[in-house]
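In: Structure, please.
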Amino acid sequence: MTVAMARGSESAYREFYEMYFDRLYRHGLVLASGDEDLARELVQRVLLRLVRYVKEFENERVLWAWLKQVARSCHVDWLRREGKQRTYVESFDETMATEPDDADRELLAALESGLAELEASDRELVNVAYFDHWPHKKIAESWKTTPKAVESRLGRIRQKLRKIVLEKLKDYALF
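Out: Below is the predicted model of the structure:
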């Protein structure tokens, strides 16, 4: 895919976007300590650098490591522009090799913690809807309600979880 991207293949860029945008955004959220606007800005800057400097990568792991490093670099650039300082530990972290799923692990930890804060009935609904993959109609029948009511309640739970997770990510700062 990266070979085709280096040659300017628009379909390869679309494929890359489909495969990596969400993952990059999650990583950006962790770098940005839950600041969604900054996370989106970081992803855009990573994508711009990708277009400018794309090359062939030997495998997906190397590509992801490069993308994470570009994201960290974009974040450091943003910090400099904003006049913010990094600590020694943050600088040290930049030199260390990290697993491809650091951001995912942090996000999952925040999500698990957030789920634990929900009421038991909300947690149960999330489990059957998203982990057991029950359709809304089946949930509605089981819970003696309507599919629309299930959809609305899940929407409220997602909003609540989103706030909890973003608040937890604010406490986590890589830089």
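
In: Could you list every helix and strand that the one helix or strand residue 169 maps to packs against?
Out: Following DSSP states H and E, one finds residue 169 within helix 147-171. Packing contacts for helix 147-171, counted by 3 or more C-beta pairs under 8 Å, 6 or more residues apart in numbering; DSSP states H and E, involve helix 10-31, helix 102-117, helix 120-126, helix 136-143. The way it works is simple: take the backbone N, C-alpha and C, and place the C-beta from them, glycine included.

In: For the first one, buried residues please.
Out: Of all the residues in helix 10-31, those buried under the rule 16 or more other C-beta atoms under 10 Å are 12-13, 16, 20, 23-31.

In: Show me which residues of the helix holding residue 169 are buried.
Out: Of the residues in helix 147-171, 150, 153, 154, 157, 161, 164, 165, 166, 168, 169 count as buried by neighbour count, 16+ other C-beta under 10 Å.

In: Need the pLDDT of the residue sitting nearest the centre point of the chain.
Out: Geometric centre of the chain, nearest residue: residue 26, 1.1 Å, by C-alpha atoms, centre = their mean. pLDDT for residue 26: 90.

In: what about it, distance to residue 138?
Out: Distance from residue 26 to residue 138, counting by C-beta to C-beta, to the nearest Å: 29 Å.

In: got it, and residue 12?
Out: On the measure of C-beta to C-beta, residue 12 and residue 138 end up 40 Å apart.

In: Between all of the buried residues of helix 10-31, which two are separated the most?
Out: Taking C-beta to C-beta, the two most distant members of those are 12 and 30; they sit 27.0 Å apart.

In: Could you list the domains of the protein?
Out: Taking automatic domain parsing as the reference, the chain has its domains at 2-95, 102-171.

In: Distance from the chain centre to the longest one, please.
Out: Taking C-alpha atoms, centre = their mean, to the nearest Å, the mean C-alpha location of domain 2-95 is offset from the chain mean by 12 Å.

In: Ok, the last one next?
Out: In terms of C-alpha atoms, centre = their mean, the gap separating the centre of domain 102-171 from the centre of its chain is 17 Å.

In: So for that domain, mean pLDDT?
Out: Mean predicted lDDT for domain 102-171 stands at 86.

In: Tell me which residues touch residue 161, please.
Out: 111, 114, 115, 118, 126 (C-beta atoms under 8 Å, 6 or more residues apart in numbering).
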